[in-house]
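Enquirer: Build me a model from this:
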Amino acid sequence: MFEIATDLALLLVLAAFCAGFIDSIAGGGGLISVPALLLAGASPVEALATNKLQGTFGAATATLAYARAGQVRPQDQLGMAAISAGAGAGGAMVAHLIPAEVLRIIMPVVLIGVAAFFALKPGLSDDARAERVKPGVFAATVVPLVAAYDGFFGPGTGSFFMMGFVMLAGHGVLKATAHTKMLNFASNVGSLLVFAFSGATWWGVGLTMAVGQIAGASLGARVAMRVGARLIKPLLVFVSTAMALRLLWQALG
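Expert: Got it, this is the predicted structure:
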């Protein structure tokens, strides 16, 4: 079993706490947790697999926090969650078919578009707006596409789900954030099951980091519900831009 020093374990738990906090509000916590795992000596595949493990706990915690506050009804999302889990698993299984280098070039452009949308579009608030597609259509199109992307690559998944809920489902920003978490949890579970058979997951490290994820996600969800769109929008813009810049740096480096 892989073991790490106590001081490094504490740093990974702190990284997981920060990642869980950001993920529960705007997504993008992998910006913190994946580099931390790489610095701890994980290979890229081990870092991604272990990140899925610890991130699953944070997504579950955020889902429960939003549900208890009445921002989302998990039972209403069970169908979408099943689709998300299946698509996440499928994405993880076909990861080798899509060169990561191609995604590293394409995704910064998409993420900048997400950031620009939330930064520049007027009227984005916690208020609901007109629904543009029915839930069944949303479940059959947006959910599997984003979840499959999460399975084979990952950065920005929460941002993409949130944009879909805002633009197509007509949700306000806070409600969109709440509805994103269960689908992100499901896609994490689906891809984690695939990674589990690869032998790449650091189970002890991931479960240790889960403690930080749970604490960070719980705090982040409470802060998001207290402040709402005034916090979620700028944080989402910042995280999406940071992810885009990091991917550009990797692609050009």
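Enquirer: CA atoms for contacts and neighbours, from now on please.
Expert: OK.
Enquirer: Low-confidence stretches in this structure?
Expert: 1-4, 96, 98-104, 107, 122-124, 251, 253 (pLDDT under 70).
Enquirer: which residue sits closest to residue 175 in space, ignoring its chain neighbours?
Expert: Excluding the flanking residues, the one nearest residue 175 by CA to CA, 6 or more residues apart in numbering is residue 71, at 5.9 Å.
Enquirer: for the one you found, helix, strand, or coil?
Expert: coil (DSSP: H, G, I helix; E, B strand; the rest coil).
Enquirer: That one and residue 176 touch, don't they?
Expert: No - the pair residue 71 / residue 176 is not scored as a contact, 9.1 Å apart, by CA atoms under 8 Å.
Enquirer: Pick out whichever of those two has more residues nearby.
Expert: It is residue 176, of residue 71 and residue 176, that has more neighbours when counted by other CA atoms under 10 Å, with 23 against 18.
Enquirer: Can you spell out which helices and strands pack onto the host helix or strand of that one?
Expert: Per DSSP states H and E: residue 176 is located in helix 173-196. Of the remaining helices and strands, those touching helix 173-196 by 3 or more CA pairs under 8 Å, 6 or more residues apart in numbering; DSSP states H and E are helix 6-25, helix 44-68, helix 78-93, helix 135-152, helix 157-167, helix 229-252.
Enquirer: mind running it again at 10 Å?
Expert: helix 6-25, helix 44-68, helix 78-93, helix 135-152, helix 157-167, helix 203-227, helix 229-252 (3 or more CA pairs under 10 Å, 6 or more residues apart in numbering; DSSP states H and E).
Enquirer: For residue 120, find the nearest of the ones you listed.
Expert: When the helices and strands packed on helix 173-196 are compared by CA to CA, helix 229-252 sits nearest residue 120, at 9.9 Å.
Enquirer: Pull the distance from that closest one to the chain's centre.
Expert: Mean-position distance between helix 229-252 and its chain equals 13 Å (CA atoms, centre = their mean, to the nearest Å).
Enquirer: Which other helices and strands does that helix contact?
Expert: Counting by 3+ CA pairs under 10 Å, 6+ apart, helix 229-252 packs on helix 6-25, helix 30-39, helix 100-120, helix 157-167, helix 173-196, helix 203-227.
Enquirer: Can you dump the C-alpha atoms of the shortest one in CSV for me?
Expert: These are the backbone C-alpha positions of helix 30-39, laid out as CSV (Å, rounded to 0.1, in the frame of the first residue of the first chain):
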residue,chain,number,x,y,z
GLY,A,30,-9.3,19.7,-9.5
LEU,A,31,-7.1,22.8,-10.2
ILE,A,32,-5.9,22.3,-6.6
SER,A,33,-6.2,18.6,-5.8
VAL,A,34,-4.7,17.1,-9.0
PRO,A,35,-1.4,19.2,-8.9
ALA,A,36,-1.2,18.4,-5.2
LEU,A,37,-1.3,14.7,-6.0
LEU,A,38,1.3,15.1,-8.7
LEU,A,39,3.6,16.9,-6.3
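Enquirer: Any buried residues in it, and which?
Expert: In terms of neighbour count (16 or more other CA atoms under 10 Å), helix 30-39 has its buried residues at 30, 31, 32, 33, 34, 35, 36, 37.
Enquirer: So the third one sits against residue 47, correct?
Expert: So that's residue 32. No - counting by CA atoms under 10 Å, residue 47 is not a contact partner of residue 32; they are 11.5 Å apart.
Enquirer: Quickly list what's touching both of the two.
Expert: Counting by CA atoms under 10 Å, 6 or more residues apart in numbering, no residue touches both residue 32 and residue 47.
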